[in-house]
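> I would like the atomic coordinates for the input below:
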Amino acid sequence: MDLDISKLRTETTTPYHLVETSDGVELFLRSWSQSSSEDSNVAVLILHGITAHSEPYAFFGEALSENGFPTYGLDLRGHGLSDGNRGDSPSKERFAKDLCETVSFLKGMHSKVILLGHSLGVLSANIILNNCIAGVEGAILLSGARSVNPGVQASPSSSDKLKIVFNSIISPSKPVIAYYREGMLGLDDPLFNFKYTLRFIRMHKLEEFAFPEQLNIPVFVGVGDQDELFSESAVKELFEEVPTENKEFHIFEGAKHAMFPEGSWVPLANWLKKHFS
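You can find the predicted model right below:
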C-alpha cells in the first residue's frame with residue numbers, strides 16, 4: 001500500500017519535528033514534551049521496535065514528559081511518518097548516520113540525551129553508543145536479547161528463501177520478507193511495516209551487535225515477565241554484558257513484548273529521577 005507520508009503528517013495531532021538527514025531525507029521525530037518539562041536539559045529519545053513506529057510508545061512518552069523529562073520518539077527511515085523506502089535502509093552506515101544525526105538534533109535543544117530502546121530499538125541504542133555517545137548520558141534497554149524464544153517465528157521454506165535471495169539480488173530495495181508472529185500489534189495500522197528488505201533484516205541482528213568496551217553511563221535493562229519473544233534469562237544475559245557497574249535490571253509484572261500494563265512507566269521515571277534530577 002502506497003502511503004502519502006506528507007499528507008499523513010499534516011493530519012497528526014501530536015507535536016513533532018522533522019530531522020533532515022545529510023542525504024536529504026526527513027525523519028519524523030514525535031514530541032511529547034510538556035510545558036513544565038520542555039526547558040529541561042535532559043531529553044529521552046525513544047527508539048521503536050521492528051514493524052512499529054513512535055506513536056504506540058505514547059504510554060511511555062506522555063508519562064515521562066509529565067514527570068519532567070521531555071520525551072521524543074523517532075520513526076526510523078522507511079517507518080511511520082518518516083521518509084524513505086518502506087521497511088528498508090540503504091546500509092548500516094546510513095542507518096547509523098540517521099540515528100546520530102537525530103541525537104545531534106536533540107542536543108541542539110537539550111544538553112543531555114537518554115536513550116530508550118525497545119526490542120529492535122535496543123540495537124539502535126547500541127549503534128548510538130558505539131558511534132555518537134557524546135551527550136548521551138544514560139540508556140534504557142527494554143525487551144531485547146541475543147536469542148529469541150524457540151518457535152516464536154516460523155522459518156521460511158527453502159524455496160521461499162531462494163525467492164527472497166533472487167528478488168533481493170535483482171532489486172535490493174524491494175521489501176520481500178514478510179514479518180509475522182502470533183500476537184503482533186498494529187495489524188490494523190497502515191503505518192506499521194510487515195515487509196522488509198533482505199538487507200535491512202541482515203543488518204539488524206541482535207545476536208551480532210557488541211557494546212563499547214566500557215560505558216561510563218547508567219543503564220537500565222528490563223523485560224516483561226510474559227514477553228513472548230525473549231525470556232527473562234536471555235535478557236538477563238544481555239544485562240550481564242553491559243560494560244558498566246552502574247546498571248539496574250527490572251522485570252515488569254504482567255508485561256508482554258509490546259504491551260505494558262498501566263504504571264509500567266513508574267520504574268523508568270524513578271530511575272531517571274535518581275540519576276538525572
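> quick check: phi and psi on residue 170?
Note on residue 170: backbone dihedrals following degrees, to the nearest 10 are phi -70, psi -40.
> so, low pLDDT: which residues of the protein?
Along the chain, the model assigns pLDDT under 70 to residues 1, 35-38.
> so which residue of it lies furthest out from the middle?
Within the chain, residue 159 marks the point farthest from the mean C-alpha position, 31.7 Å out by C-alpha atoms, centre = their mean.
> which strands or helices does the helix or strand harbouring that one pack on?
If you go by DSSP states H and E, residue 159 is part of helix 158-170. On a contact count with 3 or more C-beta pairs under 8 Å, 6 or more residues apart in numbering; DSSP states H and E, helix 158-170 meets helix 198-202. C-beta here means a position set from N, CA and C on the backbone, and glycine is covered the same way.
> and the helix it packs on, what's buried?
198, 199, 200, 201 (16 or more other C-beta atoms under 10 Å).
> go through those and name the one nearest residue 145.
The closest of the buried residues of helix 198-202 to residue 145 turns out to be residue 201 (C-beta to C-beta; 17.4 Å).
> what ranges does the stretch 151-277 of the chain have for its strands?
Listed in chain order, the strands of the stretch 151-277 of the chain (DSSP state E, counting those that start in this stretch) span 177-178, 195-196, 219-224, 247-252.
> looking at these, which one is packed in the most?
The highest average neighbour count among those, using mean count of other C-beta atoms under 10 Å, belongs to strand 219-224 at a mean of 24.
> neighbouring strands - and their directions - for it?
In the sheet, strand 219-224 lines up against strand 136-142 (parallel), strand 247-252 (parallel) (DSSP bridges).
> surely residue 164 meets residue 175?
No: counting by C-beta atoms under 8 Å, residue 164 stays clear of residue 175, with 10.4 Å between them.
> hang on, the earlier thing: give me the contact list for the helix holding residue 159.
Here helix 158-170 makes contact (C-beta atoms under 8 Å, 6 or more residues apart in numbering) with 156, 174, 176, 177, 197, 198, 199.
> looking at the residues you listed, which is nearest residue 123?
residue 199 (15.1 Å).
> could you tell me the end-to-end distance of stretch 51-65?
One end of stretch 51-65 to the other measures 25 Å (C-alpha to C-alpha, to the nearest Å).
> oops, could you answer that again for stretch 200-218 instead?
With C-alpha to C-alpha as the measure, stretch 200-218 spans 30 Å from end to end.
> which positions within it qualify as buried?
Judged by neighbour count using 16+ other C-beta under 10 Å, the buried positions of stretch 200-218 are 200, 201, 203, 204, 206, 209, 215, 217, 218.
> just send these back as a markdown table, with distance to residue 169 too.
Listed next are the buried residues of stretch 200-218 as a markdown table, based on distance: C-beta to C-beta, whole Å:
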| residue | distance to residue 169 |
| --- | --- |
| 200 | 15 |
| 201 | 15 |
| 203 | 16 |
| 204 | 20 |
| 206 | 25 |
| 209 | 26 |
| 215 | 39 |
| 217 | 41 |
| 218 | 45 |
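> can you list the buried residues in stretch 105-125?
Result for stretch 105-125 [16+ other C-beta under 10 Å]: buried residues 105-107, 109-110, 112-125.
> tell me which stretches of the stretch 1-150 of the chain form strands.
Taking DSSP E, counting those that start in this stretch, the strands of the stretch 1-150 of the chain run over residues 16-20, 26-31, 42-47, 71-74, 112-118, 136-142.
> ranking the ones you listed by burial, who's on top?
Most buried of the strands of the stretch 1-150 of the chain, by mean neighbour count (mean count of other C-beta under 10 Å): strand 71-74, with a mean of 28.
> give the pairing partners of that strand; include direction for each.
strand 26-31 (antiparallel), strand 42-47 (parallel).
> can I get the ones you listed in JSON lines with distance to residue 188?
As requested, these are exported to JSON lines (distance: least, C-beta to C-beta, whole Å):
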{"stretch": "strand 26-31", "distance to residue 188": "20"}
{"stretch": "strand 42-47", "distance to residue 188": "22"}
